[in-house]
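Trainee: Please work out how this folds:
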Amino acid sequence: VLRDTLEKRGALGQIKARIRAEVFNALDDQSEPRPPLSHENLLINELIREYLEYNKYKYAASVLTAESGQPEVPLDRQFLAKELNIVEDANGKSVPLLYGIISYFLHGGKEESIQNTLPKVSLLNYPKQNLGKAPTERNQK
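Mentor: Sure thing, here's the model as predicted:
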């Protein structure tokens, strides 16, 4: 009965996530240095962290931060948007940048086809042909 009650309240999932995060922290070998983050991985991790925190996946976000070596303090959103050449409108600022990026590619870059529930974001100077290439093969902007 207790398990069912915790599950109905959504607490059981949070407890399990918290336990996973604590186990990871206990097992994480702090004596082994992390490889340095590339600029690209830093930006990708930050997009993921913003998404996780927005959706209240705080334990997943804490594990990502610990495991990846991402700085504890999140990057400034304006800095992140500038680095990715994203121009946001007022609607896009209320949700993670990742939603706008996905929306842009789902709709082929046509802002007029973006649904009202998704942010309108322009991804300037980011060619689609770069998407499937390795980081070293992509055009540098």
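Trainee: average model confidence for the helix or strand harbouring Glu50?
Mentor: Secondary structure from DSSP states H and E places Glu50 in helix 39-54. For helix 39-54, the mean per-residue pLDDT is 95.
Trainee: Spatially nearest residue to the residue nearest to the spatial centre of the chain, not counting backbone neighbours?
Mentor: Centroid check for the chain by CA atoms, centre = their mean gives Ile48 as the closest residue, at 1.3 Å. Sequence neighbours aside, Leu64 is the residue nearest to Ile48 in space, at 6.3 Å (criterion: CB to CB, 6 or more residues apart in numbering). Every residue, glycine included, has its C-beta placed from N, CA and C.
Trainee: number of nearby residues for that neighbour?
Mentor: Neighbours of Leu64 under the rule other CB atoms under 10 Å: 17.
Trainee: pretty sure it contacts Tyr51?
Mentor: No. Using CB atoms under 8 Å, Leu64 makes no contact with Tyr51, being 10.2 Å away.
Trainee: Confirm that the residue nearest to Ile48 sits in a helix.
Mentor: Yes. Under DSSP: H, G, I helix; E, B strand; the rest coil, Leu64 falls within a helix.
Trainee: Use 20 as the first number from now on
Mentor: Got it, first residue is 20 now, which makes that one Leu83.
Trainee: Find me the pLDDT at it, would you?
Mentor: pLDDT, Leu83: 89.
Trainee: okay, now Lys77: neighbour count?
Mentor: 14.
Trainee: Now do Glu65 against Leu31, distance only.
Mentor: 30 Å (CB to CB, to the nearest Å).
Trainee: Let me see the contact set for the residue nearest to Ile67.
Mentor: 64, 67-68, 71, 89 (CB atoms under 8 Å, 6 or more residues apart in numbering).
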